[in-house]
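Peer 1: here's a sequence, model it:
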Amino acid sequence: MSIALAAAAFVLQPSATPVGPPAPEVILPTEDSDQRLADLHWQRDTKAAWIEEWTFQGLNVVDAATTCAIISKGGEEKNPLYGSHPSCGKVIGIKAGLGLAHYLLTRHMIHENPHGARKSLIVSGVLQLAVDVWNVTQLAK
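Peer 2: Predicted coordinates:
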């Protein structure tokens with residue numbers, strides 16, 4: 001009977017080697033890992049903000065080109081900054097100045113708060129896209 005009890009006790013003891021996949025390692029957040037995550041978000045937002053800025057600048061160029069095309073066809077400008085019948089040079093000059101101001105403001109905002117800069121860049125980009133779409137529809141008439 002003692003052999004049977006010893007055999008039963010051996011079978012019921014937990015195995016020294018793990019069975020199945022290993023348990024996931026629990027990594028507790030630390031100040032260092034929080035800072036690394038914040039740095040990654042900062043880098044991601046900074047890169048995205050610059051992409052959005054250059055997209056805006058491209059749309060700004062499209063606006064100037066389509067505005068010049070509309071004016072050359074005898075169309076009327078609706079932007080009060082230009083007057084109703086501006087020259088193409090005046091349009092390009094004003095758009096270049098506004099584009100430079102937008103760039104300088106964006107550069108400052110990205111340095112201070114890239115996530116906040118992205119919000120304003122999305123708004124200005126959507127507005128610029130709407131102007132470009134309007135201009136293209138006017139050219140198609």
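Peer 1: need the helices for the chain, in chain order.
Peer 2: Listed in chain order, the helices of the chain (DSSP state H) span 2-12, 31-72, 88-112, 114-140.
Peer 1: quick one: closest of those to E25.
Peer 2: With C-beta to C-beta, the closest approach to E25 among the helices of the chain belongs to helix 31-72: 13.8 Å. Every residue, glycine included, has its C-beta placed from N, CA and C.
Peer 1: next, give phi and psi for S84.
Peer 2: Main-chain torsions, S84, degrees, to the nearest 10: phi -80, psi -30.
Peer 1: okay, now the nearest residue to it once chain neighbours are set aside: neighbour count?
Peer 2: By the measure of C-beta to C-beta, 6 or more residues apart in numbering, the closest residue to S84 outside its immediate chain neighbours is E76, 5.3 Å from it. With neighbours defined by other C-beta atoms under 10 Å, the count for E76 comes to 10.
Peer 1: now S124
Peer 2: The burial count assigned to S124 is 18, neighbours taken as other C-beta under 10 Å.
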